[in-house]
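Trainee: dropping a prediction and its sequence here:
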Amino acid sequence: MADKMAEFKIKGRKMNIPNEGLSPLDLGVIVDQLEKDMNDLESKSGVIDVSKQAIITAIHYATELFKLKNNVTTDNAEKKSQ
């Protein structure tokens, strides 16, 4: 069965997003955090291209997920790279 879609506005663009089994409220919290992180990236780095902001933010999220799944800490990653 296909996930239901929820409509959100991200960086001024309307997006239909699959709910992935989450409530609209929970998905809204995630979307709000995404937009906050993209805005922070824009203000800190000057990246104004929304597509670049989305990709950089996605890489940041993927890195955090990888660390959680693999029990990697910053200290562990630094030791392996040396």
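Mentor: Noted; the coordinates are in hand.
Trainee: tell me the mean pLDDT over the longest helix seen in the chain?
Mentor: Longest helix of the chain, by residue count under DSSP state H: helix 24-45. Averaged across helix 24-45, pLDDT comes to 96.
Trainee: and if you look at stretch 61-74?
Mentor: Mean predicted lDDT for stretch 61-74 stands at 92.
Trainee: show me where the chain has its strands.
Mentor: 5-10, 13-18 (DSSP state E).
Trainee: so which of those strands is the most surrounded?
Mentor: Of all the strands of the chain, strand 5-10 has the most neighbours on average by mean count of other Cβ atoms under 10 Å, namely a mean of 13. (C-beta placed from N, C-alpha, C; glycine too.)
Trainee: pairing partners for that one, with directions?
Mentor: Strand 5-10 pairs in its sheet with strand 13-18 (antiparallel), by DSSP bridges.
Trainee: next, the angle from the partner strand to helix 24-45.
Mentor: 130 degrees (axes from the mean of the first three to the mean of the last three Cα atoms, to 10 degrees).
Trainee: dump strand 13-18 to PDB, restricted to CA.
Mentor: Once non-C-alpha atoms are left out, strand 13-18 reads as follows in PDB (Å, rounded to 0.1, in the frame of the first residue of the first chain):
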ATOM      1  CA  ARG A  13       8.200  25.600  -2.500                       C
ATOM      2  CA  LYS A  14       5.100  23.400  -2.100                       C
ATOM      3  CA  MET A  15       6.100  19.800  -1.800                       C
ATOM      4  CA  ASN A  16       4.000  16.600  -1.600                       C
ATOM      5  CA  ILE A  17       5.900  14.300   0.700                       C
ATOM      6  CA  PRO A  18       5.100  10.700   1.500                       C
END
